[in-house]
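Chemist: Build me a structure from this.
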Amino acid sequence: MSKSTGSYYTPEKLSAFIWDHTFKTFQEPLRQVRILEPSCGDGIFLKVASEYKTDKTYYIDAIDINKEALTQAQASIIKSNGHIKFNFIEDDFLKCKLPFKYDLILGNPPYIGKQLLSEEQRAQCRDIHIEGGLDGKNVRNIWPAFLIKAASLLNENGMMAFVLPNELLQTKYAEKIQSFLKEHFKFIQILTFQQSVFTEITQDVVIMFAYKYSDFSGVSFAEVQNLKSLNLSINFSRRISNVTNEDIKWSNFNLTDKDLEYLLNLFQLTNKVSDVCTSTPGIVSGANKFFIVDKKTAQTYCLEPFCKPIIQKATLVDRAISLEPSFLNSLENAGSRYLFIDLKNASAELLPSQIQAYLNEGVKQKYNERYKCSRRNPWYNVPSVCVPQGFIFKRSYLYPKIIKNEAGVLITDTAYSIRPMTGFDIDSIVYSFYNSLTVIFCELKGRYYSDGVLELTPKEFKSLPLPYKQTTQAQFDDYKKYFSKTKSIDKLLHHNDIHLLCHLGLSTADFKRLRNIRQMLLIRRLKKTRE
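Modeler: So this is what the prediction gives:
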């Protein structure tokens with residue numbers, strides 16, 4: 001497997017299932033079928049195909065940019081049915097010109113993030129996006145370009161089967177890809193896994209079967225536990241969701257239409273986070289190892305007058321909804337790196353010699369040449385250094401952590417700073433956040449990884465529903481104590497739902513329904529790490 005080439009080779013069992021399901025559902029009556037594998041890698045799809053028994057004639061074009069991989073793919077075909085003809089092409093699928101339309105296109109395209117693509121590759125992806133009717137500025141990875149180009153090479157009754165990253169179901173940029181798929185294919189099947197297929201990486205995958213022609217229309221989902229479960233007959237649901245809303249991602253297919261509509265109706269009755277506060281990403285230093293130091297280093301280089309406390313990660317904050325000044329003592333006693341060096345626009349030559357020595361050490365380590373640092377003048381002048389009234393960590397596990405900042409700490413870009421708008425206050429925002437409706441929409445709007453971690457983008461956080469309720473200082477102090485003592489987040493949410501959601505006219509049955517929905521969404525996300 002290679003991160004730079006996006007080569008995550010497909011398990012043989014998965015390849016065999018894709019072939020079996022494809023040939024079982026493919027409705028092309030022709031005696032000769034033309035097939036394309038646009039990124040054949042080690043040839044596992046071809047090996048499985050070569051062992052497939054059929055009375056039709058299959059012409060398979062196998063493409064790969066890597067000569068060594070292509071040689072390995074050719075060698076993988078240990079036996080071949082006479083009805084299957086292979087043609088190996090050493091080329092870049094995104095650049096090559098193919099003279100045919102295909103009946104089937106299948107495989108596992110590479111997953112390469114934009115930051116690892118060459119400028120030529122980015123340009124190729126942009127052009128393919130534009131040719132497919134998508135925004136050329138929306139290139140985030142290479143796999144959508146493979147998908148878009150493959151779709152253009154299918155005949156009018158063609159079928160496509162790809163192993164794709166779970167981003168297809170979750171990310172904002174994938175919404176355009178979803179629209180593209182629904183426009184170009186009559187019927188789409190999505191198969192997800194409860195446990196990771198690629199155990200070496202934290203990348204969930206899905207299998208997508210897309211049909212140009214079908215007796216059905218829309219998008220259908222199924223889920224299995226793991227690769228072993230592919231021995232079972234997969235039952236794709238015929239329920240095609242009628243709920244179309246930007247707040248509902250494909251990853252929420254396990255909820256019924258009635259539940260989705262119920263949640264969206266409640267959503268309309270509340271404020272949004274953006275109605276009560278502004279939020280911005282935390283500090284991006286470009287070199288946290290240099291700019292964030294422990295107490296000893298600060299003293300050694302006389303940096304203390306220029307240091308401010310900072311929080312780097314959510315694990316430092318346990319069961320708390322407010323950071324008090326005493327919290328900093330625990331960080332210092334533990335020897336943590338919790339002091340941020342804020343030199344602003346100070347001229348290096350005017351700084352004490354010890355600080356100049358520290359800056360020189362940074363130059364020796366080439367921190368000044370890092371992308372963010374190199375664009376500053378001077379390179380150590382970190383912008384947007386301000387203390388937020390509160391913050392929320394963008395990644396979470398059991399539940400998102402939103403914190404009142406009584407300790408006056410800075411935050412890194414692992415969190416978003418919060419500043420209440422006029423007429424609102426941080427105590428009430430933090431208090432109002434912990435309810436079932438808001439936490440459910442964190443699950444609906446966010447994306448999750450194979451280790452169960454949930455992530456919210458700035459836009460997703462701002463769009464969350466927030467049943468805001470004004471609270472007094474005394475009430476908030478009591479709430480802090482209750483929060484720290486309550487071991488179960490479920491018990492806390494149940495307690496808060498009664499106080500925060502009662503104005504929506506909810507009954508005891510409604511509160512139970514919300515709890516059940518949240519549990520369904522948690523199971524979907526967290527069981528990926530359970531055996």
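Chemist: give me every residue that touches Lys149.
Modeler: Contacts for Lys149 (CB atoms under 8 Å, 6 or more residues apart in numbering) come out as 38, 93-94, 128, 132. C-beta coordinates here come from the backbone N, C-alpha and C atoms, glycine included.
Chemist: for Asp478, same thing?
Modeler: Contacts of Asp478 (CB under 8 Å, 6+ apart): none.
Chemist: what helix or strand is it on?
Modeler: Taking DSSP states H and E as the criterion, Asp478 maps to helix 473-485.
Chemist: tell me the average confidence for that helix?
Modeler: Averaging pLDDT along helix 473-485 yields 91.
Chemist: Make sure Ile89 is actually in contact with Cys96.
Modeler: Yes. Proximity of Ile89 to Cys96 meets the contact threshold set by CB atoms under 8 Å, at 7.0 Å.
Chemist: re earlier: next SSE after the helix holding Asp478?
Modeler: Heading C-terminal from helix 473-485 (DSSP H and E), you reach helix 489-500.
Chemist: those strands in the stretch 1-150 of the chain, which residues are they?
Modeler: 32-37, 57-64, 84-90, 102-107 (DSSP state E, counting those that start in this stretch).
Chemist: helices and strands around the third one, which ones?
Modeler: Taking 3 or more CB pairs under 8 Å, 6 or more residues apart in numbering; DSSP states H and E as the contact definition, the neighbouring helices and strands of strand 84-90 are helix 44-50, strand 57-64, helix 67-76.
Chemist: chain center to it: distance?
Modeler: Strand 84-90 sits 36 Å away from the centroid of its parent chain (CA atoms, centre = their mean, to the nearest Å).
Chemist: in its sheet, what does it sit against?
Modeler: Strand 84-90 pairs in its sheet with strand 57-64 (parallel), by DSSP bridges.
Chemist: buried sites along the partner strand?
Modeler: Neighbour counts over strand 57-64 (16 or more other CB atoms under 10 Å) mark 58-64 as buried.
Chemist: circling back: tell me, what's touching Ile89 and Cys96 both at once?
Modeler: Residues touching both Ile89 and Cys96 (CB under 8 Å, 6+ apart) are Ile63.
Chemist: how about the helices in the stretch 401-531 of the chain?
Modeler: Secondary structure of the stretch 401-531 of the chain, counting by DSSP state H, counting those that start in this stretch: helices at 426-433, 436-445, 458-462, 473-485, 489-500, 508-526.
Chemist: same check, this time on the stretch 251-400 of the chain
Modeler: All helices of the stretch 251-400 of the chain, identified by DSSP H, counting those that start in this stretch, fall at 257-267, 273-276, 288-291, 295-300, 327-333, 353-364, 371-374.
Chemist: now the fourth one, how far from the centre of its chain.
Modeler: Pointing back at helix 295-300 there. Chain-centre distance of helix 295-300: 38 Å, with CA atoms, centre = their mean.
Chemist: Check what pLDDT the most centrally placed residue in the chain gets.
Modeler: Geometric centre of the chain, nearest residue: Arg447, 4.4 Å, by CA atoms, centre = their mean. On the pLDDT scale, Arg447 is placed at 89.
Chemist: how near is the nearest residue to Leu504 once chain neighbours are set aside to Lys212?
Modeler: Leaving aside its sequence neighbours, Leu504 sits nearest to Leu269 (CB to CB, 6 or more residues apart in numbering; 5.3 Å). Shown here: Leu269 relative to Lys212, a distance of 42 Å by CB to CB, to the nearest Å.
Chemist: Also Glu349?
Modeler: As judged by CB to CB, Glu349 and Lys212 stand 69 Å apart.
Chemist: The two: who's more crowded?
Modeler: The residue with more neighbours, out of Glu349 and Lys212, is Lys212; 19 against 6, by other CB atoms under 10 Å.
Chemist: Contacts only, for the more buried one.
Modeler: Lys212 touches 154-159, 184-186, counting by CB under 8 Å, 6+ apart.
Chemist: Neighbour-wise, give me the winner out of the residues you listed.
Modeler: Busiest of the contacts of Lys212 [other CB under 10 Å] is Met159, holding 26 neighbours.
Chemist: what's next to the strand or helix carrying it, contact-wise?
Modeler: Applying DSSP H and E as the criterion places Met159 in strand 154-165. Strand 154-165 is contacted from outside by 10, 14, 18, 21-22, 25-28, 101-109, 111, 141, 143, 146-147, 150-151, 185, 203-213, using CB under 8 Å, 6+ apart.
Chemist: tell me the mean pLDDT for that strand?
Modeler: What strand 154-165 shows for mean pLDDT is 94.
Chemist: thinking again about what came up before, so for Ile89 and Cys96, which residue has more residues nearby?
Modeler: Ile89 (17 against 13).
Chemist: How about the more buried one, nearest residue that isn't a chain neighbour?
Modeler: Ile63 (4.6 Å).
Chemist: need the contact list for that neighbour.
Modeler: Per CB under 8 Å, 6+ apart, neighbours of Ile63: 36-40, 89-91, 93, 96.
Chemist: Spatially, which two of these are the most separated?
Modeler: Leu36 and Glu90 (14.9 Å; CB to CB).
Chemist: Mind checking which of these two has more residues around it?
Modeler: Leu36 (27 against 14).
Chemist: so who does the more buried one touch?
Modeler: Neighbouring residues of Leu36 by CB under 8 Å, 6+ apart: 60-61, 63, 98, 102, 104-106, 150, 153.
Chemist: at 7 Å what do you get?
Modeler: 61, 102, 105, 153 (CB atoms under 7 Å, 6 or more residues apart in numbering).
Chemist: so what's it scoring on pLDDT?
Modeler: pLDDT, Leu36: 95.
Chemist: and it, what are its bridge partners?
Modeler: Under the criterion used (DSSP bridges), Leu36 bridges to Asp61, Ile105.
Chemist: do the same with Ser279
Modeler: Beta-bridge pairing for Ser279 (DSSP bridges): Ile418.
Chemist: if we can go back for a sec, most neighbours among the contacts of Leu36, which one is it?
Modeler: Using other CB under 10 Å as the neighbour criterion, Ile105 leads these with 25 neighbours.
Chemist: That residue reaches Ile148, doesn't it?
Modeler: No. The pair Ile105 / Ile148 is not scored as a contact, 11.7 Å apart, by CB atoms under 7 Å.
Chemist: what comes into contact with stretch 179-188?
Modeler: Here stretch 179-188 makes contact (CB under 7 Å, 6+ apart) with 132, 134, 148, 151, 208, 210-214, 216-219.
Chemist: End to end on it, go ahead and measure it.
Modeler: Counting by CA to CA, to the nearest Å, you get 12 Å between the two ends of stretch 179-188.
Chemist: Tell me the buried residues in stretch 350-360?
Modeler: The neighbour-count check on stretch 350-360 (16+ other CB under 10 Å) flags 351, 355, 358-359 as buried.
Chemist: can you put those residues in TSV and add pLDDT and distance to Ala509?
Modeler: Listed next are these as TSV, based on pLDDT from 0 to 100; distance: CB to CB, whole Å:
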residue	pLDDT	distance to Ala509
Leu351	91	65
Ile355	95	64
Tyr358	96	62
Leu359	96	63
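Chemist: of all these, which two lie farthest apart?
Modeler: Every pair of those checked by CB to CB; the farthest is Leu351 and Tyr358, at 9.1 Å.
Chemist: how far away is Leu191 from Pro281?
Modeler: Leu191 sits 35 Å away from Pro281, taking CB to CB as the criterion.
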